[in-house]
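K.L.:
pasting a predicted model and its sequence here:
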Amino acid sequence: MLTDYHNHLERGTLTLDYLKLFTDEAKGKGIEHFGISEHAYHFYETKNILSNPWVNERRTYKMDDYVALFHQAWRQNIDVKMSIEMDYTTGKHTEMEQFIKSYDFDYVIGSIHWVDTFGIDLKEYIDEWDKRDVNEVYNDYFDQVVTLAESNLFDIVGHLDLVKIFNYVPTDQDFLLKQYDRATTALANSKTCVEISTAGLRKPVEELYPDQRLLQMCYDKGIPIVLSSDAHQPNDVGKDYDQAVKLAKQIGYQSLMTFEKGKRKEVELG
């Protein structure tokens, strides 16, 4: 079986017609477990969790409309999971938990896109990389991975090493491996799965998330995985899954985790 749990409607509309372009693509590619996980910052209901000028310009959705879209799809027997991708925000555990518990999500993805006020994966902030110490950014990023895991609020951590997106990577490999080690130890002690995401292949880094060494640590510590494309347009659903499956099996994974209404079930990796 295959999963694709990380997908976004934000470049189109919150309509059934647009949603069906994604679900039809998933069905055509043999993806049995498919979900939409829109960025939580788009919704007015998350203003008390994450707020900055970049985010606030993009906060245009209401959760009632989002939930209604899924109910409309389910009434038409369209098999799609309802999720959210939430920016893990230090110091906002109570607010994040309240938001997550307010909706009947099938699963919740936690991701890190911000290190303080630095949008690490945004082109608008790319010049900031040359003004900062790369090791410090990585240390602060993986600090958040650790506390994300320790919060135990999330079912999946999104693109675990997103911080490498623009090819700014520590030259000290021992330092980098220490970051990987402490992150995977925290994840292993939580309920959080890791996604193998093909999105990195479409980014400047041109690599899968996570790095092979990082994924090996995940496997060695018993952390389950899902497959995701992080598609922001329909034709990217399930894209490059041959590479994701190959890496997963090369590392040793033989199964994926699936989700429904917060309950998880292990299935054979297709």
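P.N.:
Received, thanks.
K.L.:
would you map the helices across the stretch 151-270 of the chain?
P.N.:
Assigned by DSSP state H, counting those that start in this stretch, the stretch 151-270 of the chain shows helices spanning 173-188, 212-220, 241-251.
K.L.:
and the angle for the last one with helix 212-220?
P.N.:
In this case it means helix 241-251. 60 degrees (axes from the mean of the first three to the mean of the last three Cα atoms, to 10 degrees).
K.L.:
about what we covered before: mean neighbour count and mean pLDDT added to the helices of the stretch 151-270 of the chain, as CSV?
P.N.:
Any C-beta I mention is one placed from the backbone N, CA and C, and that applies to glycine too. Below are these laid out as CSV (neighbours: other Cβ atoms under 10 Å; pLDDT from 0 to 100):
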stretch, mean neighbour count, mean pLDDT
helix 173-188, 17, 98
helix 212-220, 18, 98
helix 241-251, 16, 98
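K.L.:
now tabulate those in TSV and tack on distance to L122.
P.N.:
Below are those laid out as TSV (distance: least, Cβ to Cβ, whole Å):
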stretch	distance to L122
helix 173-188	21
helix 212-220	22
helix 241-251	24
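K.L.:
ok, L162 - how many residues close by?
P.N.:
Look at L162: counted by other Cβ atoms under 10 Å, it has 23 neighbours.
K.L.:
quick check: it touching H113?
P.N.:
Yes. Using Cβ atoms under 8 Å, L162 is in contact with H113, at 7.1 Å.
K.L.:
looking at the helices of the stretch 151-270 of the chain, which is nearest to G30?
P.N.:
The minimum distance between G30 and these falls on helix 241-251, with 9.0 Å, by Cβ to Cβ.
K.L.:
now the strands for the stretch 101-250 of the chain?
P.N.:
107-111, 114-115, 118-119, 156-157, 193-197, 225-228 (DSSP state E, counting those that start in this stretch).
K.L.:
got the contact list for the last one?
P.N.:
Outside of strand 225-228, the residues that reach it under the criterion Cβ atoms under 8 Å, 6 or more residues apart in numbering are 2-7, 156, 158, 193-199, 215, 218, 241, 244-245, 248, 253, 256-258.
K.L.:
try it again with 7 Å
P.N.:
The contact list for strand 225-228, computed with Cβ atoms under 7 Å, 6 or more residues apart in numbering, reads 2-6, 156, 193-197, 241, 244, 248, 253, 256-257.
K.L.:
quick one: residues contacting D155.
P.N.:
Contacts of D155 (Cβ under 7 Å, 6+ apart): Y107, V108, K191, T192, C193, F259.
K.L.:
buried among the residues you listed? Make that a ChimeraX selection.
P.N.:
Buried residues among the contacts of D155 (16 or more other Cβ atoms under 10 Å), as a ChimeraX selection:
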select :107,108,192,193,259
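K.L.:
and the contacts of D155 as CSV, adding pLDDT and distance to L19?
P.N.:
Formatted as CSV, the contacts of D155 follow (pLDDT from 0 to 100; distance: Cβ to Cβ, whole Å):
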residue, pLDDT, distance to L19
Y107, 98, 17
V108, 98, 19
K191, 97, 28
T192, 98, 27
C193, 98, 24
F259, 97, 18
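K.L.:
can you tell me which of the contacts of D155 is nearest I49?
P.N.:
V108 (12.8 Å).
K.L.:
go ahead and confirm the closest one touches F154.
P.N.:
Yes. V108 is within contact range of F154, at 5.3 Å (criterion: Cβ atoms under 7 Å).
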